[in-house]
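*Asks:* Next one to model:
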Amino acid sequence: MPNHKYSRTLSITVALLMLTAAPRLRAQANVIYSFGGYSTDGETPYTTYLLADSAGNLYGTTTESISSGGTVFELSPQTLGGWSEQIIAYLSSPQSNLVMDGAGNIYGVDTFGGDYRYGDVFELSPLGATWNLTLLHSFRPNGHDGIFPESGLIMDAAGNLYGVTSTGGSSNEGTVFEITKGSGGTWTEKILHNFSNDGTDGINPNGILAMDASGNLYGTAYNGGTWGVGIVFELTSNSGWSETILHAFTYTGTAPMDGANPNANVIFFNGNLYGTTYEGGPHNNGTVFQLIHHGNGTWSESVIHAFNQNGIDGATPRAGLALVDGTLYGTTSAGGSAYAGTVFGLSHHGTAWTESYLYSFPEAGTGAEFPSGGLILYSDGNLYGTAQGGANGVGSVYEIAP
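*Replies:* The predicted structure is shown next:
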């Protein structure tokens, strides 16, 4: 539920915005699988990040399929090259990342599934060549529970699951929840935080959560905050869960400096947090931001790249970042030479950051375009992600070889 009421100015270190563009890298892109659409399998993959298991299989979701709902799919590498696809579950509208436990069970959320059609948390358990689907929790609009989960789950060392709902809860502005497994095998949900449209808290969280070594949770909310354009928050557990707003994004009219409307997760790098905003920045095409932890409970935010959409740079990143050997990699859903999105890298030298343009969709050799998901590092050293396009125009899984 975007909120485009922007106000207030913010002083940001302008030097970090004046980044020197590195020469464009000639990365190669290759579509490893093109979805067939309604007549064959799924279409419109909206996976935040693909999931790779120890055998090299890839897992993700599509929002539409031959059954009119979505799918969970598995891609398996073949000995003689290529990939084979298997639909392992049909669901209502899974559009998030997946997580796997040590036994090979897969967990995710279905935005419009469940007993009440307001979303659910599901488990897929391998049974030979098939998978068993179990609903662990069905969300319902009862004034307490959240509804419409969109961003997927994370798992702690004990096997507990954590996620967010985009709406619902006591203020109908979204929740952070935990799902725990009891000794009898049943799962129980607990609401850790209800977002509130009180002029300070965020609303409508969309991003996956992150967890630090102490078990604290970190995330973003797309809207809300002091200025109405989203926040980064922390939840800490002592005698209960309490929220701290680490940063409220701002907007300054026609020339915003800060980012606005974070749509994805944050990641840790050297004790600091990094993420993307869908809008905002000097060109209002989105940003990559950092939150520096000062060790005394305070954080400071700065923009390390503002997307320009100048025929080379990307625009409007929907997904989060991947950290590989000290470089941040990500995708933009628009911009680039064909205005169909990009793959970019950000490397740092002291306090300065430099962007490299790895790939611009579409180019010769790939039918992928408009990536909405992030990237993962696969065992072959290449980056993998999902996008629209493909040979049939309804979605693709692609690899980027730097």
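
*Asks:* In this structure Gln86 contacts Tyr59, no?
*Replies:* No: Gln86 lies out of contact with Tyr59 (Cβ atoms under 8 Å); the separation is 10.0 Å. The way it works is simple: take the backbone N, C-alpha and C, and place the C-beta from them, glycine included.

*Asks:* what touches both of these two?
*Replies:* Shared contacts of Gln86 and Tyr59 (Cβ atoms under 8 Å, 6 or more residues apart in numbering): 73-74.

*Asks:* ok, how many other residues are close to the nearest residue to Gln28 once chain neighbours are set aside?
*Replies:* Closest residue in space to Gln28, ignoring its immediate chain neighbours: Ala401 at 4.7 Å, by Cβ to Cβ, 6 or more residues apart in numbering. If you count neighbours by other Cβ atoms under 10 Å, Ala401 ends up with 13.

*Asks:* residue contacts, Ala401?
*Replies:* 27-30, 381-382.

*Asks:* Kindly recompute the last result at 7 Å.
*Replies:* Neighbour list for Ala401: 27-28, 382 [criterion: Cβ atoms under 7 Å, 6 or more residues apart in numbering].

*Asks:* isn't there a helix covering Tyr357?
*Replies:* No: assessed with DSSP: H, G, I helix; E, B strand; the rest coil, Tyr357 is strand; it does not lie in a helix.

*Asks:* quick revisit: could the contacts of Ala401 be laid out in a markdown table, adding distance to Glu64 and pLDDT?
*Replies:* A markdown table is the format used below for these (distance: Cβ to Cβ, whole Å; pLDDT from 0 to 100):
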| residue | distance to Glu64 | pLDDT |
| --- | --- | --- |
| Ala27 | 30 | 80 |
| Gln28 | 29 | 82 |
| Asn382 | 27 | 96 |
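
*Asks:* Closest to Ala338 out of these?
*Replies:* Nearest to Ala338, judged by Cβ to Cβ, of the contacts of Ala401 is Ala27 at 15.3 Å.

*Asks:* Look up the closest residue to Pro141, ignoring the ones flanking it.
*Replies:* Ile147 (5.3 Å).

*Asks:* follow-up on the earlier one: which one of Gln86 and Tyr59 has more residues nearby?
*Replies:* Of the pair Gln86 and Tyr59, Tyr59 is the one with more neighbours under other Cβ under 10 Å, namely 21 against 15.

*Asks:* Identify the spatial nearest neighbour of that one, chain neighbours not counted.
*Replies:* Leaving aside its sequence neighbours, Tyr59 sits nearest to Leu51 (Cβ to Cβ, 6+ apart; 4.2 Å).

*Asks:* doesn't Asp101 make contact with the one you found?
*Replies:* No: between Leu51 and Asp101 there is no contact under Cβ atoms under 7 Å: 11.5 Å.

*Asks:* More neighbours: these two, which one.
*Replies:* Higher neighbour count among Leu51 and Asp101: Leu51, with 20 against 13, using other Cβ under 10 Å.

*Asks:* Could you pull up the residues touching the more buried one?
*Replies:* Per Cβ under 7 Å, 6+ apart, neighbours of Leu51: 58-60, 97-100.

*Asks:* go with 10 Å
*Replies:* Shown in contact with Leu51 (Cβ atoms under 10 Å, 6 or more residues apart in numbering): 57-61, 72, 74, 97-100, 106, 108, 152, 376.

*Asks:* follow-up on the earlier one: show me what the residue nearest to Pro141 is bridged to.
*Replies:* Note on Ile147: beta-bridge partners Thr167, judged by DSSP bridges.

*Asks:* Tell me how many other residues surround it.
*Replies:* 23.

*Asks:* cool, and the one 5 residues further on?
*Replies:* Number of residues near Gly152 (other Cβ under 10 Å) recorded here: 26.

*Asks:* Test my guess that it contacts Thr61.
*Replies:* Yes: taking Cβ atoms under 10 Å as the definition, Gly152 is a contact partner of Thr61 at 9.0 Å.

*Asks:* overlap in contacts of these two?
*Replies:* The overlap between the contact sets of Gly152 and Thr61 (Cβ under 10 Å, 6+ apart) consists of 47-48, 51, 94-98, 108-109.

*Asks:* which one of the residues you listed is nearest Phe139?
*Replies:* For those, the nearest to Phe139 is Val109 (8.9 Å; Cβ to Cβ).

*Asks:* neighbours around the closest one, how many?
*Replies:* Other residues lying near Val109 total 31 when counted by other Cβ under 10 Å.

*Asks:* Not counting its neighbours along the chain, what's nearest it?
*Replies:* That would be Pro149: by Cβ to Cβ, 6+ apart, it lies 3.9 Å from Val109.

*Asks:* Buried residues of whichever strand or helix holds Ile292, list them for me.
*Replies:* Assessed by DSSP states H and E, Ile292 sits inside strand 287-293. Of all the residues in strand 287-293, those buried under the rule 16 or more other Cβ atoms under 10 Å are 287-291, 293.

*Asks:* Dump those into a markdown table; add distance to Gly228 and pLDDT as well.
*Replies:* A markdown table is the format used below for the buried residues of strand 287-293 (distance: Cβ to Cβ, whole Å; pLDDT from 0 to 100):
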| residue | distance to Gly228 | pLDDT |
| --- | --- | --- |
| Thr287 | 17 | 97 |
| Val288 | 21 | 98 |
| Phe289 | 17 | 98 |
| Gln290 | 22 | 97 |
| Leu291 | 19 | 98 |
| His293 | 25 | 95 |
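
*Asks:* Among those residues, which one lies nearest to Phe35?
*Replies:* Distances from Phe35 to the buried residues of strand 287-293, taken by Cβ to Cβ, are shortest for Val288, at 29.1 Å.

*Asks:* Quick check: the residue lying closest to the closest one once chain neighbours are set aside vs His349, distance?
*Replies:* Nearest residue to Val288, sequence neighbours excluded (Cβ to Cβ, 6+ apart): His305, at 4.4 Å. Applying Cβ to Cβ, to the nearest Å, the value for His305 to His349 is 14 Å.
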